[in-house]
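Asker: here's my sequence, what's the structure:
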Amino acid sequence: MERDFDIVVIGGGHAGVEAAWVAARLGTRTALVMLSAGTIAAMSCNPAIGGIGKGQIVREIDALGGLMGLAADATGIQFRMLNRSKGPAVWGPRCQSDRHAYAAWMQAALSREGNLTILAGQATDILTENGCVVGVRVALTGDGDTPAGAPGRDQTVLSCRAAVVTAGTFLNGLMHLGERTWPGGRYDEPAATELSESLVRSGLQRGRLKTGTCPRIASETIDYGQCTRQDGDSRPSPFSFLNDTLQVEQLPCWITSTNEQVHQVIRANLHRAPMYTGQIRSTGPRYCPSLETKIVRFPDRPGHQVFLEPEGRDTNWVYCNGVSTSMPAEVQEQIVRLIPGLRKASIVRFGYAIEYDYFPPTQLRASLETKGVTRLFLAGQVNGTTGYEEAAGQGLVAGINAALKVRGRPGLVLRRDQAYIGVMIDDLVTKGVTEPYRMFTSRSEHRLSLRADNADRRLTEIGREIGLVDDWRWQRYQAKRQAIDQAGRLFDTTRIDGVPLRELLKRPDLTLEAILIRAGGEPAELAGRNPSAVESAVTDARYAGYLAKEQAALRQMQELDARLIPESVDYASVSHLRQEAREKLSAIRPRSLGQALRISGITPADVTVLAIHLAARQGRKVQ
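Answerer: Numbers count the residues shown, from 1 in each chain. Here you go, the predicted model:
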C-alpha cells in the first residue's frame with residue numbers, strides 16, 4: 001500500500017471531498033482518509049444544497065472548479081430560486097437532493113481522479129517535526145466494513161508534506177436522544193477521540209458546539225391531503241456554469257405546521273429535553289434552533305412551519321424539516337402525530353443532537369493554515385461552522401492552499417469583495433465564533449457585487465490561474481463574457497421611443513421580457529441565444545448606481561488590506577496602542593491593516609497607531 005503522499009485529507013464529508021478533489025487536480029499525490037468509502041459526501045442532515053447566501057457559495061465553488069454545483073445539478077429532485085420577491089443580489093438558488101444519488105455521484109467523481117487514493121480508516125495522530133506536518137498516523141480498517149474502533153486495527157503512518165483536517169462532528173462526538181447518550185460522529189458511526197487529543201497536543205485550543213437533526217418519516221404514512229404542496233420552479237436554475245438548462249422530473253415538497261397541542265407536549269416534557277436538563281452544555285446554531293427552543297423562545301407563536309422534503313427518488317424517507325429535536329423517542333412520536341398530515345406517520349429515524357469538539361478559527365491564517373503548525377489546515381465544522389455549503393467552501397480553499405504550499409506557490413486568499421467564501425473565512429479567522437457559523441447575505445457589505453449570477457465573472461479567472469479551470473469551462477466562460485459585453489453595448493445603442501435601453505432597464509416596473517419585446521431585433525435575439533448572460537448584464541445595469549458608491553468605499557478598504565503586517569511585529573512594543581488592542585492583535589495576528597480593523601474591539605485609532613508604527617519600522621511616512 002502507498003504510504004507516501006504530498007497531502008493527506010482527513011474526513012470524507014463535504015469539506016473533505018472538495019479539499020481532496022482540488023488537491024489531486026492540482027497534481028499533488030493526495031490521500032483521503034475516512035471511516036468508510038461508502039459514506040463519502042453523506043448528507044447526514046437535510047438532503048438539500050444551496051439557499052440564501054449558501055447558494056452563492058455553491059456557485060463560487062463551481063466557478064473555481066469544485067464539485068458541489070455539478071453534483072447538485074446531477075442529483076437534484078427539486079430546484080427553487082429563493083428570495084425572488086427581492087432584488088437579484090439576494091436571490092438564493094436551492095435544490096432538494098437525492099441523498100443516495102448525491103453521495104454516489106461524488107464517490108464516482110473522486111474514484112476517477114488518478115492522483116487521489118481513498119483509504120478506509122481513522123486518523124489518530126498528526127505527526128510533526130520542528131512545528132511542521134510530516135505525517136498522519138492512521139488505524140486502517142481495510143474496506144471499511146470493520147469498525148474503526150475495533151481491536152487489532154492496523155496502525156500505519158502516512159508520510160505527507162501537508163494535512164487537511166475536515167473531521168466534522170466526529171471529534172469527540174457525543175450523541176443525544178432523550179436521556180440516552182453515546183459516542184458517535186453521525187448516526188451508527190463512531191466518534192474520533194484520538195485525533196482531537198492530537199490536535200490539542202499540537203498546541204491548538206478547542207471548544208465545544210452542538211448541532212441537531214430532524215426525524216425522518218415514511219412517505220406512505222403521510223396524509224398529503226392535509227398539507228400544502230410546494231413545487232419547484234418551472235425553469236430550474238442550474239448551480240453549475242457548465243449547465244445552461246436542467247431537464248429534470250421534479251418531486252414536490254409539502255408544508256404543514258405545528259400547533260398548540262404540539263407545543264403543550266413539548267412544554268410538558270422539557271424536564272426530559274437534553275437542551276434544558278443540562279445534559280447538553282454546548283451552544284447550538286441560533287439560526288437553526290431545535291423545535292423545543294422555538295417553543296421556549298416564542299411562547300406566543302401559535303405554530304411553526306414544517307417542510308416535508310423527500311430524501312430521494314428511490315427511498316420512502318421524508319425529512320421533517322423544522323422539527324429538529326433531541327427529545328426522547330416516545331415524545332417525538334407524540335409530537336409528530338399531532339402535526340396535520342402526520343397523524344398516522346411512522347418515524348423511520350428519530351431526531352437527535354450531537355455535541356462535538358471544534359477549534360476556534362482565530363487560530364488560523366486566512367489560508368486556513370494553522371498559525372502554530374506549518375502545513376496543517378482545518379476546514380468545515382472543525383472551524384465552528386454549520387452547513388454543507390460552508391464546509392465545502394472551506395474545504396476547497398484549504399485543499400487549494402495545501403497544494404500550493406507543497407508546490408512552493410503563493411497561497412490563495414479570497415477577499416471580502418471577491419466572494420462569500422472570502423467573507424466567511426475572514427469572519428472566522430478575524431472574529432471567531434460563539435455559535436455555529438452560518439452564511440447569510442447580510443454578512444456581506446458587498447452583496448450587490450457578490451451575486452449568484454456573476455460568481456463565474458468573479459472567480460473563474462482565479463481558478464484558471466491556479467490550474468483548476470479546464471479548457472472546456474474556460475471556453476464557456478469566455479463566450480459568456482463576450483455575450484455580456486455585447487449586451488452592454490446593445491443597451492447603450494438601442495433606443496425605445498428615444499430612450500436608451502439601459503435607462504429603461506433601471507425602471508423596476510418593467511420586466512426584462514417586456515423591454516425586450518418592445519426592443520425586438522438584436523437584443524431579443526441575444527437573449528434567446530444566451531439568456532443567463534443577458535440577465536446578468538441587466539442586473540449590472542440596474543445596480544450600476546449603487547455599485548459605483550460601493551466601489552468608492554471598497555477602494556479605501558482594499559488599500560488597508562494591501563498593507564500587510566509582518567508576522568514578527570511585537571504588539572506589546574507598539575507605543576500608544578491600548579492594552580486591549582495589544583491583547584487582541586497579539587492573539588489574532590492579522591495579516592493586514594484591513595483585517596486588523598475588522599477585529600471586534602479594534603478602533604480606527606488603533607489601526608492608525610499601528611500604521612504609524614509600521615511606517616516607522618520601514619523608514620517612511622504614513623500615508
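Asker: contacts and neighbour counts: CA atoms only from here.
Answerer: Will do.
Asker: what about Gly463, how many neighbours?
Answerer: Burial of Gly463, expressed as a neighbour count using other Cα atoms under 10 Å, amounts to 21.
Asker: swap that for Asp470, sorry
Answerer: The criterion is other Cα under 10 Å. On that basis, Asp470 has 11 neighbouring residues.
Asker: and for Ala48?
Answerer: Burial measure for Ala48: 24 neighbouring residues, criterion other Cα under 10 Å.
Asker: check the one 3 residues further on too.
Answerer: Residues within reach of Gly51, counting by other Cα under 10 Å, total 23.
Asker: kindly report the same for the one 3 residues further on.
Answerer: For Lys54, the tally of surrounding residues (other Cα under 10 Å) stands at 26.
Asker: next up, the contacts around it.
Answerer: Taking Cα atoms under 8 Å, 6 or more residues apart in numbering as the definition of contact, the neighbours of Lys54 are 92, 389-390, 439-440.
Asker: gap between it and Phe170?
Answerer: When Cα to Cα, to the nearest Å is applied, the distance between Lys54 and Phe170 equals 23 Å.
Asker: what bits of this protein have low per-residue confidence?
Answerer: Applying pLDDT under 70 to the chain flags the ranges 1, 142-153, 619-623.
Asker: could you pick out the longest helix of it?
Answerer: Using DSSP state H, we find that the single longest helix of the chain is helix 471-493.
Asker: tell me the secondary structure at the closest residue to Met175 other than its chain neighbours.
Answerer: With sequence-adjacent residues excluded and distances taken as Cα to Cα, 6 or more residues apart in numbering, Met175 is closest to Ile354, at 4.4 Å. Using DSSP: H, G, I helix; E, B strand; the rest coil, the secondary structure recorded for Ile354 is strand.
Asker: shouldn't Ile354 be in contact with Gly212?
Answerer: Yes. With contacts defined as Cα atoms under 8 Å, Ile354 counts as touching Gly212 at a distance of 6.0 Å.
Asker: of these two, who's got more company?
Answerer: When Ile354 and Gly212 are compared for neighbours, Ile354 comes out ahead with 28 against 22, by other Cα under 10 Å.
Asker: circling back: just flag the most distant two among the contacts of Lys54.
Answerer: Taking every pair in the contacts of Lys54 and measuring Cα to Cα, the maximum separation is 14.3 Å, between Gly92 and Glu390.
Asker: more neighbours: those two, which one.
Answerer: Legend: neighbour count by other Cα under 10 Å for Gly92 and Glu390, higher for Glu390 (27 against 24).
Asker: host element of the more buried one?
Answerer: Secondary-structure assignment from DSSP states H and E places Glu390 in helix 388-406.
Asker: so which residues of the stretch 451-600 of the chain form strands?
Answerer: For the stretch 451-600 of the chain, the strands identified by DSSP state E, counting those that start in this stretch occupy 495-496, 499-500, in order along the chain.
Asker: which parts of the stretch 201-350 of the chain are helices?
Answerer: 260-268, 274-277, 291-297, 329-337 (DSSP state H, counting those that start in this stretch).
Asker: format these as CSV; extra columns: distance to Gly594 and mean neighbour count.
Answerer: Compiled in CSV, the helices of the stretch 201-350 of the chain are given as follows (distance: least, Cα to Cα, whole Å; neighbours: other Cα atoms under 10 Å):
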stretch, distance to Gly594, mean neighbour count
helix 260-268, 47, 17
helix 274-277, 39, 18
helix 291-297, 37, 18
helix 329-337, 49, 18
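Asker: could you dump the strands of the stretch 451-600 of the chain to a markdown table with distance to Leu67 and mean neighbour count?
Answerer: Supplementary listing: the strands of the stretch 451-600 of the chain in a markdown table, determined by distance: least, Cα to Cα, whole Å; neighbours: other Cα under 10 Å:
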| stretch | distance to Leu67 | mean neighbour count |
| --- | --- | --- |
| strand 495-496 | 42 | 14 |
| strand 499-500 | 41 | 14 |
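Asker: centre of the chain to stretch 385-392, how far?
Answerer: 3 Å (Cα atoms, centre = their mean, to the nearest Å).
Asker: got it, and stretch 420-434?
Answerer: Centre to centre, stretch against its chain (Cα atoms, centre = their mean), the figure for stretch 420-434 is 12 Å.
Asker: list the contacts of that stretch.
Answerer: For stretch 420-434, the surrounding residues in contact (Cα under 8 Å, 6+ apart) are 53, 56-57, 60, 283, 360-366, 368, 383-384, 390, 393-394, 413-417, 439, 443-444, 450, 588, 590, 595-596, 598-600.
Asker: strands of the stretch 51-200 of the chain, start to end?
Answerer: With DSSP E, counting those that start in this stretch, the ranges of strands along the stretch 51-200 of the chain come out as 76-82, 92-97, 116-129, 132-140, 154-159, 162-165, 174-177, 180-183.
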